[in-house]
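# got a predicted model here, sequence first, then my questions.
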Amino acid sequence: MGFPGTWMTESESVVYRVVPKCACSTIGQIMYYSDHGTYYDGDIHDATSGLHKWSIEASQPLIEGNVKAHKSFTFTCVRNPYTRILSSFFDKICGIQRNGKRYRGNLVPLLIQKYGIEVGGEDGKGEFDQIASFRRFLLFARDTIRWRRPMEPDIHWSAMAGHISTLIANGGRYDRIFWTEKFDEGMQQVLDAIDTRQPVDLKAVPRFNESEGHGPKREHPVEAYFDDLAMHLVYEIYHRDFELFKYDFENPGNKMPVGEIDLDEIHAKLGD
């Protein structure tokens, strides 16, 4: 299985396990900059050089050797499950992607037909009942994760614990897991722990939010999208994420963590 979703700087200063919808574009660009002194021109997910990625065959033995020997500081970043699944809906389901098309081709027509979801018309800019459509999408996300029907679960809404566990299961260990909601503080702790070829001033880093502007703006506060049934579905999908990364399941309106992340607990529970 190896180390899917794992990125490493060319200098091997740091290793990062990508978790979709958790500031991964910004983190990738910071890693790229820390080696080269410039940002990648374009979406960092498209870069095929300047950064080692597990998806690049030539990078795999380097990443595997580093992670298994724990040669470099290794980290990842997590996000509140309520805001993460909402962001996935507006970006991936309602939004037009950077190639000018809908995400995954026939996915949106399938959702419209099978689940009665609306997405704001052809361009994603029309008015529609965001709350009703999101709750129907949540049913679909649960079906993909629980029963793998009508399709395999997508990386953007599958649980963070699942992404994070692959590195542990294959012999890796995290030195830091921080919250998107406290991004500057967490990323600074990573930068303080490593030696970079180029100095990184976090205050000067632009936000590389590749999904911003893809889809319609969220019209309501987060908690409005989650009634009792929606919360039940979210818990069914993400109960480990709430527990391990210390988010508040009881209050969808509170995006901030309510405890400290315990790395030993994460390695014990995700290493099985």
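Here it is on my side, so go on. Numbers count the residues shown, from 1 in each chain.
# skipping adjacent residues, who's closest to T6 in space?
Using CB to CB, 6 or more residues apart in numbering and skipping residues adjacent in sequence, the residue nearest T6 is W54, 4.7 Å away. In this view, the C-beta of every residue, glycine as well, is placed from N, C-alpha and C.
# distance of the one you found relative to E64?
As defined by CB to CB, to the nearest Å, W54 lies at a distance of 9 Å from E64.
# can you pull the contacts of the closest residue to P221 other than its chain neighbours?
The shortest distance from P221 to any residue other than its chain neighbours is 6.4 Å, reached at G253 (CB to CB, 6+ apart). G253 sits next to 221-223 when contact means CB atoms under 8 Å, 6 or more residues apart in numbering.
# tell me which residues in stretch 151-165 are buried?
153-154, 156-161, 163-165 (16 or more other CB atoms under 10 Å).
# quick check, pLDDT for H214.
With respect to pLDDT, H214 scores 66.
# ignore what I typed, I meant G100.
82.
# and M8, that's in a strand?
Yes: under DSSP: H, G, I helix; E, B strand; the rest coil, M8 sits within a strand.
# quick check: beta-bridge partners of it?
Beta-bridge pairing for M8 (DSSP bridges): V15, H52.
# and it, how far from T38?
Relative to T38, and taking CB to CB, M8 is found at 18 Å.
# of these two, who's got more company?
M8 (24 against 11; other CB atoms under 10 Å).
# surely that one and E64 touch.
No: counting by CB atoms under 8 Å, M8 stays clear of E64, with 10.2 Å between them.
# show me what counts as buried in the helix or strand of the chain with the lowest mean pLDDT.
Here the helix or strand of the chain ranked lowest by mean pLDDT, DSSP states H and E is helix 107-115, holding a mean of 92. Neighbour-count burial for helix 107-115, counted by 16+ other CB under 10 Å, picks out 107-108, 111, 115.
# now do stretch 230-245
Judged by neighbour count (16+ other CB under 10 Å), stretch 230-245 contains these buried residues: 230-231, 233-234, 237-238, 240-242, 244-245.
# ditto for stretch 25-39
25-36.
# closest to V19 out of those residues?
Nearest to V19 out of the buried residues of stretch 25-39 is I27 (CB to CB; 9.6 Å).
# by contact count, what packs against the helix or strand harbouring I177?
For I177, the element it lies in under DSSP states H and E is strand 176-179. Here strand 176-179 touches strand 73-78, helix 183-193, helix 263-270, going by 3 or more CB pairs under 8 Å, 6 or more residues apart in numbering; DSSP states H and E.
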